[in-house]
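*Asks:* compute the structure for the input listed below.
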Amino acid sequence: MGQVKNRFGATYIDEMRPQDILMPVPAGLCCKPGGFHIDPVRPVERAVITHGHSDHARPGHDAVLATQETLDMMRLRYGDGFAGSTQAIAYGEEIRLGDVRVKFHPAGHVLGSAQIAVTCKDTCIVASGDYKDARDPTCTPFEVVPCDVFITEATFGLPVFRHGDAGEEVKKLLASAKLFPERAHLVGAYSLGKAQRVIALLREAGYDAPIYLHGAMETITQYYQSRGIELGELRAVQGTRKADLAGTITLAPPSATSDLWTRRFPDPVTAFASGWMRVRARARQRGVELPLVISDHADWDGLTATIAATGAGEIWVTHGQEDALVHWCKSKGLAARPLDLVGYGDEDEGEAAAAGEAEA
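*Replies:* Numbers count the residues shown, from 1 in each chain. Have a look, this model is predicted:
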């Protein structure tokens, strides 16, 4: 490691090295001194989970530590027996696991999402999980956590990805609905987090008509409402006459917007809410008529600003456009490397099964 100093002025040579605290293994990110894995991709003895998306929160672990919201979402998706035992932890609460201290901080990604600060002696490593620094009315805002090593995602780790104002994207959706009152608007959005954010942004923009939901959206959305997230009147698509869906807005998993399910809508306008809609070729490839650049991940500016704000001298980059962000970090005089973790990807990969579970 050399003479890299932590934020207390001590060098790593004088203490435990970061790679002795957290290291990538086939199961995920392993903390040997603490006896746990962060977001493991296969069953382990003790899992510490950042958030409820299926590429990070998997069933089958002996014990799971997560926020109450993440535990609830895992229970809704996988059933009561998703883990041998569970323990809920609140934001700002610190507990000791083995030889390390663990503390959860808001990640701003989805309801209950957390960054995990792992401290051993005087070295603090923060694993961000997925995060965003943009405003979201449906979850606790992202919190910058000072640390020595910051493990950042890089889903949108290229300068081309600048998401802009999600509220302006929702205005495009409302303008299209006004322009085509005879057509239904079908918005593809991930069932956990994105769908509820789009609904909340529609309400903030003054849209007070009922919003329709694909069946796969209902359980998670009802859970958000049970946690005090105001989403207005919501209705199920199933059982609604085709003619009655003219001029309406419906949220559905992205996979549902390109299959036979869409035939129940009158001349639907297909939209997709995703940071990937910044790339026009992606929108064309998916047959998206109305791309909406709304992301639950930090964009390039968000990633670089967050890295700088942590004060970390070393950056580990994972799942995404790793090379460009590593290069940027090094250009700023930071030690940086890709983590090369596997098994994490777009939440859409976990949506297809959910869409199939509920035909409407």
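
*Asks:* hey, where'd the helices end up in this structure?
*Replies:* Taking DSSP state H as the criterion, the chain carries its helices at 18-21, 68-78, 166-179, 194-204, 215-226, 280-285, 300-310, 322-331, 351-357.

*Asks:* of all the ones you listed, which one is nearest Ser128?
*Replies:* Evaluated with CB to CB, the helices of the chain place helix 300-310 nearest to Ser128, the distance being 7.9 Å. (C-beta placed from N, C-alpha, C; glycine too.)

*Asks:* for the closest one, which outside residues touch it?
*Replies:* 126, 128, 131-134, 142, 144-147, 150, 152-154, 156-163, 298, 315, 325, 328-329, 332, 334 (CB atoms under 8 Å, 6 or more residues apart in numbering).

*Asks:* and the average pLDDT for it is what?
*Replies:* Here the mean pLDDT over helix 300-310 is 98, rounded to a whole number.

*Asks:* repeat for stretch 56-63
*Replies:* This predicted structure assigns stretch 56-63 an average pLDDT of 98.

*Asks:* buried ones in that stretch?
*Replies:* Buried residues in stretch 56-63, counting neighbours by 16 or more other CB atoms under 10 Å, are found at 56-59, 61, 63.

*Asks:* swap in stretch 106-124?
*Replies:* By neighbour count, and taking 16+ other CB under 10 Å as the criterion, the buried residues in stretch 106-124 are 106-120, 123-124.

*Asks:* how about stretch 96-105?
*Replies:* For stretch 96-105, using 16+ other CB under 10 Å, the buried residues are 97, 100-105.

*Asks:* reformat the residues you listed as JSON lines; add pLDDT and distance to Thr219.
*Replies:* Below are the buried residues of stretch 96-105 laid out as JSON lines (pLDDT from 0 to 100; distance: CB to CB, whole Å):
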{"residue": "Leu97", "pLDDT": "98", "distance to Thr219": "31"}
{"residue": "Val100", "pLDDT": "98", "distance to Thr219": "35"}
{"residue": "Arg101", "pLDDT": "98", "distance to Thr219": "35"}
{"residue": "Val102", "pLDDT": "98", "distance to Thr219": "30"}
{"residue": "Lys103", "pLDDT": "98", "distance to Thr219": "30"}
{"residue": "Phe104", "pLDDT": "98", "distance to Thr219": "24"}
{"residue": "His105", "pLDDT": "98", "distance to Thr219": "27"}
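
*Asks:* got the contact list for stretch 259-267?
*Replies:* Judged by CB under 8 Å, 6+ apart, the contacts made with stretch 259-267 from elsewhere in the structure are 182-184, 186, 214, 237, 242-243, 245-246, 250, 252, 256, 268, 270, 355, 359-360.

*Asks:* quick one, which of those residues are buried?
*Replies:* Among these, those scoring as buried are 183-184, 186, 214, 237, 245-246, 250, 252, 256, 268, 270, 355, 360 (criterion: 16+ other CB under 10 Å).

*Asks:* from those residues, which land in strands?
*Replies:* Secondary structure defined by DSSP state E assigns 186, 250, 252, 270 of the buried ones among the contacts of stretch 259-267 to strands.

*Asks:* what's the most distant pair in those?
*Replies:* Using CB to CB for every pair in these, the one that comes out farthest apart is Thr250 and Thr270, at 10.6 Å.

*Asks:* joint contacts of those two?
*Replies:* Between them, Thr250 and Thr270 share the contacting residues Leu186, judged by CB under 8 Å, 6+ apart.

*Asks:* quick one: contacts for Cys30?
*Replies:* 22-24, 36-37.

*Asks:* switch to 10 Å and redo it
*Replies:* Neighbour list for Cys30: 21-24, 36-38, 40, 44 [criterion: CB atoms under 10 Å, 6 or more residues apart in numbering].

*Asks:* now swap in Gln196 and tell me
*Replies:* With contacts defined as CB under 10 Å, 6+ apart, the neighbours of Gln196 are 110-111, 136-139, 189-190, 217, 220-221, 223-225, 229, 231, 251.
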